[in-house]
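Student: fold the following and give me the result.
(one chain, ligands or ions: 2)
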Amino acid sequence: MQTNLLKSLLETPQGQEADSILRSCVHCGFCTATCPTYQLLGDELDSPRGRIYLIKQVLEGEPVSDKTRLHLDRCLTCRSCETTCPSGVKYGRLIDIGREMVEQQTSRNLLERTTRYALRKIIPYPERFAFLLNLGNLFKAALPVALKNKMPVIQITEPWPVVDHKRKMLVLAGCVQQTVSANTNIATANVLNKLGIELIQQKEVKCCGAVSQHLSATDEALTTIKRNIDNWWHHVNNGIEAIVITASGCGVMVKDYAQLLEHDEYYALKARRISNLAKDISEIIAAENFDHNKSTKINTSVAFHSPCTLQHGLQLNGVVEKILTKVGYTLTQVSDGHLCCGSAGTYSVLQPKLSKQLLNNKISALQKNRPDIIATANIGCQMHLATESKQPIMHWIELVEMAICPAN
Ligand code: SF4
Ligand code: SF4
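Tutor: Ligands and ions are numbered 1, 2, ... in the order given. Have a look, this model is predicted:
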């Protein structure tokens, strides 16, 4: 695609990056076939190709309207289009740049500003999130039905295993996950213990920065990222093998640290090292040659929902499914597995109507073959699916723990 970006933009690294991404798009439209919002709305401007065109106009200095922002807001950042695109267009990066520019040139109404600010100031802070959740649970009976259904049940946690192995890995504690589903990281520690690996928690590192980044608060995201790098650094110097991430949404973000800080004089090298160490837990388990009795069939059928961040963001399609099958579970068929469930970070709060349509479609697809359990790999999807599912929704690593560490 030919571009004519503003000269002032082309003098910045971000402008140059956007220009190169725009030029890689040949406008073929293959991506529209797998875009969830285009499927629901049928509007070219709610397709990847349409949004790329809108971003091009913004970066070329054309007037920006609330309508431009609406079409960008409706994007799930699911990156299904990236998986489909034959030209390798880095859409996820382009939409981040486009959104930041649009945010600077338009103004939102008070309700939108307040909601977005509240999300940035609550979700990344486990203490604040837990306080509000406990308060909500206390007054649950008085809450409107829509909100009542969204209230997650806080798990009763198992103890963290006390072990001392030569092989050591660090885990990202996470923000929402450590409040709502703390057993995910505990199950991870138990499974890794079984494989002879000690998992170290560093509770100071909470949010990965994704919430701020995706709400176009880039400076706030970079501050979080730099703080995380500083907090992790002594473990890196002590020779940890990997930074294990159990929420695929956070995994994409930490693997992007290198790119987000590539022009930072002080942090560029450190960020690259951190991104190289970051591994989704499925990558770790798949690489371990653990011996499991393949003849042990578990009498539980599982429908696996592969989060967009796992299959499109991290490009780890099919990895979890193989692990679950290896430890003895029977997986049920799930149609349209490439489509988003509508959770998409803060999307379910900011775009509730579209999110609900996607959720209903996803739940129907997951439940069609009557699984006993639905498993996923990202806390956002886990909580979102739980609002409508009849079956329990678990992180897949908890199922592996049940299969290979029966004593826990
Ligand atoms: S993003 Fe890729 S698939 Fe979509 S129009 Fe551009 S080149 Fe074609
Ligand atoms: S990220 Fe998802 S919703 Fe956004 S344009 Fe791409 S496919 Fe569509």
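Student: quickly find the element holding the residue at minimal distance from the centre of the chain.
Tutor: Among the residues of the chain, the one closest to the centroid is Gly249, at 1.7 Å (Cα atoms, centre = their mean). Using DSSP states H and E, the element containing Gly249 is helix 248-255.
Student: up against ligand 1, what does the chain have?
Tutor: Residues of the chain lying near ligand 1 by Cβ under 6 Å from any ligand atom: 25-31, 48-49, 52, 81, 85, 87, 89. In this view, the C-beta of every residue, glycine as well, is placed from N, C-alpha and C.
Student: mind doing that once more with 5 Å?
Tutor: Counting by Cβ under 5 Å from any ligand atom, the chain comes close to ligand 1 at Cys25, Val26, His27, Cys28, Phe30, Cys31, Arg49, Cys85, Ser87, Val89.
Student: how about these in JSON lines, adding neighbour count and pLDDT?
Tutor: JSON lines is the format used below for these (neighbours: other Cβ atoms under 10 Å; pLDDT from 0 to 100):
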{"residue": "Cys25", "neighbour count": "22", "pLDDT": "97"}
{"residue": "Val26", "neighbour count": "12", "pLDDT": "96"}
{"residue": "His27", "neighbour count": "9", "pLDDT": "94"}
{"residue": "Cys28", "neighbour count": "12", "pLDDT": "96"}
{"residue": "Phe30", "neighbour count": "14", "pLDDT": "97"}
{"residue": "Cys31", "neighbour count": "24", "pLDDT": "97"}
{"residue": "Arg49", "neighbour count": "23", "pLDDT": "97"}
{"residue": "Cys85", "neighbour count": "21", "pLDDT": "97"}
{"residue": "Ser87", "neighbour count": "12", "pLDDT": "97"}
{"residue": "Val89", "neighbour count": "24", "pLDDT": "97"}
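Student: helix/strand/coil for the nearest residue to Gln259 once chain neighbours are set aside?
Tutor: Nearest residue to Gln259, sequence neighbours excluded (Cβ to Cβ, 6 or more residues apart in numbering): Arg93, at 7.4 Å. Here Arg93 is recorded as helix under DSSP: H, G, I helix; E, B strand; the rest coil.
Student: show me the contacts for Arg93.
Tutor: Glu17, Ile21, Gln259 (Cβ atoms under 8 Å, 6 or more residues apart in numbering).
Student: most neighbours of all those, which one?
Tutor: Ile21 (24 neighbours; other Cβ atoms under 10 Å).
Student: hmm, stretch 356-376 in reach of ligand 2?
Tutor: No. Using Cβ under 5 Å from any ligand atom, stretch 356-376 never reaches ligand 2; the gap is at least 9.8 Å.
Student: which parts of that stretch are buried?
Tutor: 356-359, 361-363, 365-367, 371, 373-376 (16 or more other Cβ atoms under 10 Å).
Student: distance between the ends of stretch 320-339?
Tutor: 17 Å (Cα to Cα, to the nearest Å).
Student: then stretch 139-159?
Tutor: 29 Å.
Student: try stretch 196-212
Tutor: Stretch 196-212: ends 36 Å apart by Cα to Cα.
Student: run the chain-centre distance for that stretch.
Tutor: 14 Å (Cα atoms, centre = their mean, to the nearest Å).
Student: mean confidence for it?
Tutor: Average pLDDT, stretch 196-212: 91.
Student: need the max-distance pair from the buried residues of stretch 356-376.
Tutor: Greatest spacing in the buried residues of stretch 356-376, by Cβ to Cβ: Gln357 and Ile373 (24.5 Å).
Student: quick check: angle from the host helix or strand of Asn228 to helix 248-255?
Tutor: Following DSSP H and E, one finds Asn228 within helix 218-237. Our comparison of helix 218-237 with helix 248-255, counting by axes from the mean of the first three to the mean of the last three Cα atoms, to 10 degrees, yields an angle of 80 degrees.
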